[in-house]
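# Sequence and predicted structure, then a few things I'm wondering about:
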Amino acid sequence: MDWRCPKIRPRLLLVWRRNLLVWRRLIVPSLLLNFGEPVLYLLGLGLGLGRFVGEMAGMPYLTFLATGLLASSAMNTATFEGLFSVYTRMGPQRTYDGILATPVEVDDIIAGEMLWCATKGMLSSTAILVVAILAGAIHHWQAFLCIPLFLLIGLCFAGPAIVVASFSQSYDYFNYYITLVLTPMFLFGGVFYPVTTLPQAVQPLLSLIPLTHAIALVRPLSTGAEVKAVGYHLGVLAVVALIGFYLAVVLVRRRLIK
Amino acid sequence: MQTNPYIIEATDLRKAFNGECVVNGIELAIPYGGCFGLLGPNGAGKTTTLKMILGHSPVTSGRLTVLGMPIAGDISRIRQRIGVVPQTDNLDVDFTVKENLQVYASYFGISKQTIDERIARLLPFVELSEKADTRINQLSGGMQRRLSIARALINEPALLILDEPTTGLDPQVRHLIWSRLRELKHTGTTLLLTTHYMEEAQRLCDDLVIMDHGTILSRGSPHTLIKHHVEPDVIEIHGAVEQLPAASRLTGLDVRVERIGETVYYFTSTPAPLMQQLEDVSDIACLHRPANLEDVFLRLTGRELREG
């Protein structure tokens, strides 16, 4: 195994640009998936369930849900891109085999892919932000400060997804990660209700879920409330992103450079 | 400028996977210019050798320099000057023909204007001008191969590596590709070719090695290898081979005999008296031909089947 520290070079942008060019052509179905699904959650649950719930954690339920979805959408979008698209380019489509005959190396490919996953995450969360503003769920200008944060959230979840893709032998392997990691995070990470309502016994475990840190930043920031422990939450997201990047590079090297 | 006369130089180069040696201490000094062939049956170590040259497979031991640079150094600088036509096409299926070339050129850091100039030259070179805006999955296998060649030339490489470039193509496309590769040779590009087609190697290669089991068995031009390893004439006989004269009656004739199933091969430097004797035998079909590289290849690597 090649454990050398990955290089981060401007070349990563070439890989990012390649993906942007492909995405430009698939922009409609792509946005429909990344943007349409959270909007359905927002309207379906927020308006329907919200009528019964009323307020949650001192804000209208629609607002509570919208601010959670802002964070989880960046997570989900970056994860799915890191799993399915990266795997497709690494395996069946042999895109990386072609790229590796050029000066671009595995380090650049993974750095570019992570940035791309994060970019898509940012785009889908920003789209939801716009809908949430139009729906009257969010009305604080600070909400726009979340946009760079979406990018960091995307980076945080892209790394682990690429790690999973790097040792998967088929698309079916992703079910383990989606069912055992991603969906629990989505349901227990504080999107639909405050994590403090969960039993006392599991509270220490919740801080291990990166999504809780993302929500701890996004929710107060987008509702104009005071954001607490900014450095701690940012630090967790950044550390997960860096560890994910490092492991993804090492594992993809193992897969492609034999 | 270059003090090293060799574009590729390998000394005691080895590659092992889990303790099993795939490339077993080869020595290879390939000069600039011309076409060099790497021939061998499946599992001979050809593709692994190419992978090491490209930095796609770390060297287990030995020394390897490519374009005067050690392979363990900055691989990006080496790849900047190499073009690769891979065994299996890996064109970017998300793009059109032209976009494939544009995006691929961007990986080399080539400026937009230069890219357009080169594409305008390369598409006619591989006869794909009409297909510039066609998606990859609409191209035939031969067109994809030609695009792979154009893509490999986008950085104007000093070294062009071709891993079985014409496998699975029809004769028209093969001849087109051969003629283009010859043109490249004349412009000074060094070609490094692996192939299973001895005819292809004989036509294109100025110099070649025959490998098997990770070692080099022989090296030379196709002409010298044939001269060195086999008799100049071959008579192939199909049909009622049991009627052929017994080997004892051929002893005076300097003939080497090989029988594979229902075919008998006579290798000889004096074909005339042999042909005379064979005229009397009925129910057989004789084919008298000059020895070729395939005879050398089979002589050196044996006739048993290889898996993979």
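Okay, I see it. Numbering: from 1, shown residues only, chains lettered A, B, ... in the order given.
# top helix in chain A by residue count?
Counting residues, the longest helix found in chain A (DSSP state H) is helix A:106-134.
# After that helix, which helix or strand is next?
Next helix or strand after helix A:106-134 toward the C-terminus (DSSP states H and E): helix A:146-167.
# After that next one, which helix or strand is next?
helix A:174-177.
# for the following helix or strand past that following helix, packing partners?
Using DSSP H and E, the helix or strand that directly follows helix A:174-177 along the chain is helix A:183-188. If contacts are counted by 3 or more CB pairs under 8 Å, 6 or more residues apart in numbering or on different chains; DSSP states H and E, helix A:183-188 sits against helix A:61-80, helix A:210-223. No exception for glycine: its C-beta is placed from N, CA and C like everyone else's.
# if you compare the ones you listed, which one is most tucked away?
Mean neighbour counts were taken over these using mean count of other CB atoms under 10 Å in any protein chain shown, and the top value, a mean of 27, falls to helix A:61-80.
# What's the mean pLDDT across that helix?
Helix A:61-80 shows a mean pLDDT of 96 in the predicted model.
# Also compute the angle for it relative to helix A:106-134, please.
Angle of helix A:61-80 versus helix A:106-134, following axes from the mean of the first three to the mean of the last three CA atoms, to 10 degrees, is 160 degrees.
# Run the chain-centre distance for helix A:61-80.
On the basis of CA atoms, centre = their mean, to the nearest Å, helix A:61-80 is displaced by 9 Å from the centre of the chain it belongs to.
# what's the angle from that helix to helix A:210-223?
Compare the direction of helix A:61-80 with that of helix A:210-223 by the same axes, to 10 degrees and you get 130 degrees.
# next structured bit after helix A:61-80?
With secondary structure assigned by DSSP H and E, helix A:61-80 is succeeded by helix A:86-90.
# Would you mind writing the CA trace of the following helix or strand past that following helix as PDB?
Going down the chain from helix A:86-90, the next helix or strand is helix A:95-99, by DSSP H and E. As requested, the backbone C-alpha atoms of helix A:95-99 are provided in PDB (Å, rounded to 0.1, in the frame of the first residue of the first chain):
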ATOM      1  CA  THR A  95     -12.500   7.000 -17.000                       C
ATOM      2  CA  TYR A  96      -9.700   7.000 -14.500                       C
ATOM      3  CA  ASP A  97      -7.600   4.500 -16.500                       C
ATOM      4  CA  GLY A  98      -7.700   7.000 -19.300                       C
ATOM      5  CA  ILE A  99      -6.900  10.000 -17.100                       C
END
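# helices or strands up against helix A:95-99?
Using 3+ CB pairs under 8 Å, 6+ apart as the contact criterion, the secondary-structure elements in contact with helix A:95-99 are helix A:86-90, helix A:106-134, helix A:230-256.
# what residues does that helix touch?
Taking CB atoms under 8 Å, 6 or more residues apart in numbering or on different chains as the criterion, the residues outside helix A:95-99 that touch it are A:15, A:88-90, A:106, A:109, A:252, A:256, B:86, B:90-92, B:104, B:107, B:151.
# Centre of the chain to that helix, how far?
Its chain's average C-alpha position is 25 Å from that of helix A:95-99, according to CA atoms, centre = their mean.
# Can you pull the residues of the stretch 151-300 of chain B lying near chain A?
By the criterion of CB under 8 Å from any CB of the partner chain, the positions of the stretch 151-300 of chain B lying close to chain A are B:151, B:152, B:155.
# among the residues you listed, who's most crowded?
By neighbour count, taken as other CB atoms under 10 Å in any protein chain shown, the most surrounded of those turns out to be residue B:151 (28 neighbours).
# Shouldn't it be within a strand?
No - counting by DSSP: H, G, I helix; E, B strand; the rest coil, one finds residue B:151 to be helix, located in no strand.
# which residue packs closest to it, ignoring adjacent ones?
For residue B:151, ignoring the flanking residues on the chain, the nearest one in space by CB to CB, 6 or more residues apart in numbering or on different chains is residue B:104 at 5.1 Å.
# What is the helix or strand where residue B:227 lies packed up against?
When elements are defined using DSSP H and E, residue B:227 is found to belong to helix B:222-229. Judged by 3+ CB pairs under 8 Å, 6+ apart, the packing partners of helix B:222-229 are strand B:207-212, strand B:215-220, helix B:293-301.
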